[in-house]
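**Q** quick one, fold the following:
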Amino acid sequence: MNEYQVELTAHHRPEVLERILRVVRHRGFTVTAVQMVLIESKVQLKITVKSDRTLNLLVNQLVKLPDVMRLKNDY
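**A** Numbering: from 1, shown residues only. Predicted coordinates:
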């Protein structure tokens with residue numbers, strides 16, 4: 001299983017974290033660690049995931065979320 005880290009910045013809304021985690025789960029990735037920092041009206045997340053799938057499958061879906069402003073990954 002491969003381990004990846006994704007960093008993203010999103011608008012702070014009550015449902016944002018839930019939506020991001022739902023996309024991670026639906027794409028077949030397992031969350032192994034999450035760090036979240038709230039800065040004014042933005043949320044900065046560092047998510048570590050594991051999967052046999054390529055990270056592109058997850059990244060392509062995360063960037064489509066309307067509240068995601070920036071996404072950085074280590075693949």
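**Q** all strands of this protein, in order?
**A** Counting by DSSP state E, the chain has strands at residues 2-11, 30-39, 42-51, 68-73.
**Q** tally of neighbours for residue 40?
**A** 6 (other C-beta atoms under 10 Å). Quick note: C-beta positions are derived from backbone N, CA and C, even for glycine.
**Q** what's the separation between the closest residue to it other than its chain neighbours and residue 57?
**A** Leaving aside its sequence neighbours, residue 40 sits nearest to residue 12 (C-beta to C-beta, 6 or more residues apart in numbering; 7.8 Å). Using C-beta to C-beta, to the nearest Å, we find residue 12 at a distance of 26 Å from residue 57.
**Q** quick one, what contacts residue 17?
**A** Going by C-beta atoms under 8 Å, 6 or more residues apart in numbering, residue 17 touches 36, 43, 45.
**Q** which of these tops the neighbour count?
**A** residue 43 (21 neighbours).
**Q** quick one on the thing from earlier: show me the contacts for the residue nearest to residue 40.
**A** 38, 40-43.
**Q** could you list the low-confidence segments of the chain?
**A** The model of the chain has pLDDT under 70 over residues 74-75.
**Q** thought residue 67 was touching residue 19?
**A** Yes - between residue 67 and residue 19 there is a contact under C-beta atoms under 8 Å: 7.4 Å.
**Q** with adjacent residues omitted, what lies nearest to residue 52?
**A** Residue 52's closest residue in space is residue 1 (C-beta to C-beta, 6+ apart), at 5.7 Å.
**Q** now the residue of the chain most remote from its centre, what are its backbone angles?
**A** Taking C-alpha atoms, centre = their mean, the residue of the chain most remote from its mean C-alpha position is residue 40, at 19.3 Å. Per-residue torsions, residue 40: phi 50, psi -110 (degrees, to the nearest 10).
**Q** nearest to residue 73 among the contacts of residue 12?
**A** Distances from residue 73 to the contacts of residue 12, taken as C-beta to C-beta, are shortest for residue 43 (16.9 Å).
**Q** cool, thanks, signing off.
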